[in-house]
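Asks: What follows is a predicted protein model with its sequence.
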Amino acid sequence: MEIILYLSVAIIAIAFAVLVYFVAQTLKSLKDTLSNTAKTLDSLEKQMNGLTTETTALLHKTNLLAEDIQGKSEALDSVFVQVKEVGTSLGKMNHSFQNITGKVTEEAERQSEQVTKVVQWGNAAMQIWQKWQVKKKATDQYIDSKS
């Protein structure tokens, strides 16, 4: 019976040794996994720092660009106001030209009868002058032929 007791203690010792061996292997595997996780987290932290830096720089550039666009937009506002004023001025000038044209047309229609009379008198005067020239020439030729 004593042998059974020694044999049982030996089996328990071997089982304990196997258990310790597998627990050690598990702990070693856990250590490697945790080490890899730590390295991954370190790498991730570095990448996040880089992303944070790049994001900050990009945000700064975006703010500068937004300010630049705002300034240029404000500068263009005055151009648009001036273009609108030019359009208004051209509209007023066009209206003035239409008024002047209307008045000239109205006055021309009103005075067309007088213009017609002046043209008729001018034509009559031209005919009289031409007849006088013809008679003068004929008289001069007659006088020259007598001399």
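Replies: Noted; the coordinates are in hand.
Asks: Run through the helices of the chain in chain order.
Replies: With helices called from DSSP state H, the chain shows them at 2-146.
Asks: low-confidence ranges in it?
Replies: Along the chain, segments meeting pLDDT under 70 span 147.
Asks: What separation do you get for residue 14 and residue 146?
Replies: 177 Å (C-beta to C-beta, to the nearest Å). The C-beta positions use only the backbone N, C-alpha and C, and glycine is treated the same way.
Asks: Settle it for me: which of these two has more neighbours?
Replies: More crowded of residue 14 and residue 146, by other C-beta atoms under 10 Å: residue 14, with 10 against 6.
Asks: Residue nearest the middle of this protein, spatially speaking?
Replies: The residue lying closest to the centre of the chain (C-alpha atoms, centre = their mean) is residue 73, at 9.7 Å.
Asks: and residue 110, how many residues sit next to it?
Replies: Using other C-beta under 10 Å, residue 110 has 9 neighbouring residues.
Asks: And the one 4 residues further on, by the same measure?
Replies: For residue 114, the count of nearby residues is 9 (other C-beta under 10 Å).
Asks: show me what contacts it?
Replies: With C-beta atoms under 8 Å, 6 or more residues apart in numbering as the criterion, no residue contacts residue 114.
Asks: And it, how far from residue 120?
Replies: For residue 114, the distance to residue 120 - C-beta to C-beta - is 11 Å.
Asks: Check residue 104 too.
Replies: Distance from residue 104 to residue 120, by C-beta to C-beta: 23 Å.
Asks: Same question for residue 91.
Replies: For residue 91, the distance to residue 120 equals 43 Å [C-beta to C-beta].
Asks: Name the nearest residue to residue 115, ignoring sequence neighbours.
Replies: Leaving aside its sequence neighbours, residue 115 sits nearest to residue 108 (C-beta to C-beta, 6 or more residues apart in numbering; 7.9 Å).
Asks: ok, now how distant is the one you found from residue 75?
Replies: Residue 108 sits 49 Å away from residue 75, going by C-beta to C-beta.
Asks: And for residue 101?
Replies: The gap separating residue 101 from residue 75 is 39 Å, by C-beta to C-beta.
Asks: ditto for residue 9
Replies: 96 Å.
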